[in-house]
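> Sequence below, structure please.
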Amino acid sequence: MKKIYFLLFCLIEVVSLPAQCPTGDIILSTQWSIDSFSSSYPGCTNMPFSVTIAEGIPGNIINLNGLLPLNNIGGNLIIGSTLALTNLSGLDSLTFIGGQLTVDGNLALTNIYSLNALDSIGEDVFIGNNALSSLSGLERLRFIGGTLAISSILDSLAGLETLTSIGGDFRLFINTHLTNLKGLDSLTSIAGNLSVFTNYNLVSLAGLERLTFVGGNLDIQNNYALASLDGLDALKTIGGTLTIQTHLSLGNVTALAALTSIGGDVTIKDNYSLANLSGLEGITTLPENLYIGNNYTMVSLEGLDALTAIGGDLTFYQNSTLINLSGLGALSSIGRDLSVSSNPALTSLTGLGTITTIVGNLFMDSNNSLIDLSAFDSISYIGGDLTITRHHLLPTLTGLAALTTVGGNVAIGYNDGFTNLTGLDALASIGRDLELYINNSLTSLDGLATLTSIGGSLNLSNNYLLTDITGIQNIHPATISNLYIRNHSFLSYCSLPNICIYLSDLNNPATILLNKTGCEIREAIEANCAAVATEMADGEKKSIDLYPNPTSGIMAISGIDPLENATASISDIMGKHISDVLLASPTIDLSRNPNGWYLITIMINNQQVVKRIVRKE
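Residues are numbered from 1 along each chain as shown. Model (predicted):
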């Protein structure tokens, strides 16, 4: 854009030769330098470079009359930090600025009427004068190539009535007197961001009724008196994010009814009076994230009824009066995480559409009134973590009955309502850790019978009433990387076959403590595992025993006669065959075998007896 304006300026300069203009940027720091501009640069009406007006002696510059010949400035015009300049008289002939216009820090400047010939600015405009109450004088300005930023005590935006487009951002911030945006009546498009924030008396956005397009982000924040978004009624497209945040009085967003496309995140949070999202019915898909949080009077998600897909995260947090997810009935796809946390009135997830897959995490935390997960009954796959924590009234996990696979961790903790894990009955695989902790009513792990594989730690901690862990007996021990069984005062039986196999490898880490006798420490479980023998026989079984067990190498065998031609087969705990022994004497020697668990299968008179032995030096 700057190149186009530079070429245009060059054409203007050619037809106006000869003229003696500065050969570079100039700074006018005294009244004398301004008054002598015409004599110093005779015939200079089209200044190719930048002009900066910044007084060196406070209060020295009182007018700009010496600049009256200027029609065009190819670079920037900066007027800043003057104490006595009250108006811009002297710039009355200026029609074009190729670069930036900055009018800032001029403490006595009350009007800019003398810019009334200006119709085009190639780059940014920044106006930030504390004494300036209006923009009257810019009535001919049709186009701004860059950003328009206004921070002042403006009573209105009158003066911008002919402005049709902004090539960069429009930033309106800390304008303490502004109540609406009237004056922007011709503005139809903003190529960059539209930011309206910290305008404490702004009641509405009236004045933007013709705005149909924002190419970047629409960011509306900290406007405490803003009651509605009236004025945005024609807006159809936001190329970037939509943020509506921190408003005490905003009661609705119905003015966004024409909006059909948002290119980035949608964040709606910290709005104290917003009851629902009516006005967003035109949005069918969101390519990025949807965050809805800290909306203290929101009771429903009405307004999102047409939304079918979210490309990123869907997050609800700290919405004090939200009781369900009514309004999301059409939603069928979430690209990453689903997070629902700290919504104290949320009793159910009713209203959530038919979600079958969550690519990222499912995070549920501190929804203290939640009693029902049935809205999740179609979810079969979670690619990331499943976290369900701090739900004191949730009685069961039955809403997860279709879930077969979790790619990350499963963490279930601080839930006081359920006594078992019924509801996870289809879960077969967990990609990482399984953590069950501080579930104060949990007595058994029933519901995990189909779980055969985890890819990390098995952590059972501080479930104070837990008495039965047989629900995890089908987890293959080779998929467990670490084992924690801690602080269960009523849990005395931990010698499940898979736990025994896992502990048989003395290199496998395990933390076992503060459980009831029989499961109180690792050695107690190992002893119980060693005492368990599986015996299969056709006919009467012989009473056979091997001791000592654990053994450092050589074990004696009781209950057989050397004349009975007994044999023994030795295998590791996983069933891999190691060797066969003819029991010519009542002993078996494992001294050459490494520490670990072994299965000794003794065959005698068509009977088979299997003993589980620990080799441990």
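> which residue packs closest to D372, ignoring adjacent ones?
S348 (4.1 Å; C-beta to C-beta, 6 or more residues apart in numbering). Quick note: C-beta positions are derived from backbone N, CA and C, even for glycine.
> what about T246, how many residues close to it?
Here the number of neighbours of T246 (other C-beta atoms under 10 Å) works out to 19.
> OK, contacts around it?
Residues near T246 by C-beta atoms under 8 Å, 6 or more residues apart in numbering: Q221, N222, Y224, K269, D270, N271.
> residues near the residue nearest to D372, how many?
Neighbourhood size, S348 [other C-beta under 10 Å]: 19.
> And the one 4 residues further on, by the same measure?
The burial metric for L352, expressed as a neighbour count using other C-beta under 10 Å, is 23.
> Before we move on, what's the pLDDT of it?
Note for L352: predicted pLDDT of 87.
> Hmm, it is touching D377, no?
No. Using C-beta atoms under 8 Å, L352 is not in contact with D377; the gap is 10.3 Å.
> any residues in contact with both of those two?
Counting by C-beta under 8 Å, 6+ apart, L352 and D377 have no contacts in common.
> which SS state does G399 fall under?
Following DSSP: H, G, I helix; E, B strand; the rest coil, G399 is assigned to helix.
> count of residues packed around it?
19.
> Quick check: closest non-adjacent residue to it.
L373 (2.9 Å).
> Can you tell me how far that neighbour is from P395?
Distance, L373 to P395, using C-beta to C-beta, to the nearest Å: 10 Å.
> More neighbours: the two, which one.
Set L373 next to P395 and count neighbours by other C-beta under 10 Å: L373 wins out with 22 against 17.
> and the nearest residue to S261 once chain neighbours are set aside, what does it touch?
With sequence-adjacent residues excluded and distances taken as C-beta to C-beta, 6+ apart, S261 is closest to T237, at 4.7 Å. Contact analysis of T237 by C-beta under 8 Å, 6+ apart lists T212, F213, V214, L259, T260, S261.
> what secondary structure does the fourth one sit in?
When states are read from three-state DSSP, the local structure at L259 comes out as coil.
> part of a strand, is A556?
Yes. Membership of A556 in a strand is supported by three-state DSSP.
> before we move on, the earlier item: any chance of the contacts of T237 in CSV, with pLDDT, distance to S189 and neighbour count too?
Below are the contacts of T237 laid out as CSV (pLDDT from 0 to 100; distance: C-beta to C-beta, whole Å; neighbours: other C-beta atoms under 10 Å):
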residue, pLDDT, distance to S189, neighbour count
T212, 97, 7, 16
F213, 97, 4, 16
V214, 98, 8, 29
L259, 98, 15, 24
T260, 97, 16, 14
S261, 97, 14, 15
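> And those residues, which two are furthest apart?
V214 and T260 (12.9 Å; C-beta to C-beta).
> how much space between the closest residue to L64 other than its chain neighbours and I34?
Closest residue to L64 apart from its sequence neighbours, by C-beta to C-beta, 6+ apart: G90 at 3.2 Å. Between G90 and I34 the distance, using C-beta to C-beta, works out to 8 Å.
> so what sits against both of those two?
Shared contacts of G90 and I34, defined by C-beta under 8 Å, 6+ apart, are found at N63, L64, N65, G66, L67.
> who wins for most neighbours among those residues?
In these, the most neighbours by other C-beta under 10 Å go to L67, 26 neighbours.
> List the contacts of that one.
I34, F37, V51, G90, L91.
> Could you do S366 as well?
Applying C-beta under 8 Å, 6+ apart, we find S366 in contact with S341, S342, T389, R390, H391.
> what do you get if the cut-off is 7 Å, keeping everything else the same?
When contacts are counted by C-beta atoms under 7 Å, 6 or more residues apart in numbering, S366 touches S341, S342, R390.
> Buried members of these into ChimeraX, please.
A single ChimeraX command selects the buried members of the contacts of S366 (16 or more other C-beta atoms under 10 Å):
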select :341,342,390
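> Counting only strands, which of the contacts of S366 make the cut?
Among the contacts of S366, DSSP state E puts S341 in strands.
> Give me the subset of the shared contacts of G90 and I34 lying in helices.
Judged by DSSP state H, helices contain none of the shared contacts of G90 and I34.
> Just the ones of the residues you listed in strands?
Among the shared contacts of G90 and I34, no member falls in strands (DSSP E).
> quick one: contacts for S552?
By C-beta under 7 Å, 6+ apart, the residues touching S552 are E617.
> Can you list phi and psi of it for me?
The phi/psi pair for S552 (degrees, to the nearest 10) reads phi -90, psi -10.
> What distance do you get for the residue nearest to L64 to I438?
For G90 relative to I438 (C-beta to C-beta), the value is 75 Å.
> Not including adjacent chain positions, what is the nearest residue to T198?
Per C-beta to C-beta, 6+ apart, closest to T198 is N222, 4.5 Å.
> The one you found: neighbouring residues, count only.
Using other C-beta under 10 Å, N222 has 18 neighbouring residues.
> Going forward, count from 167.
From this message on, residue numbering opens at 167, which makes the last subject N388.
> And it, how far from L414?
N388 is 10 Å from L414, by C-beta to C-beta.
> ranges for the strands of the stretch 267-416 of the chain?
Shown for the stretch 267-416 of the chain, the strands assigned by DSSP state E, counting those that start in this stretch span residues 267-270, 286-287, 291-294, 309-310, 314-316, 331-332, 336-339, 355-356, 360-363, 379-380, 384-387, 403-404, 408-413.
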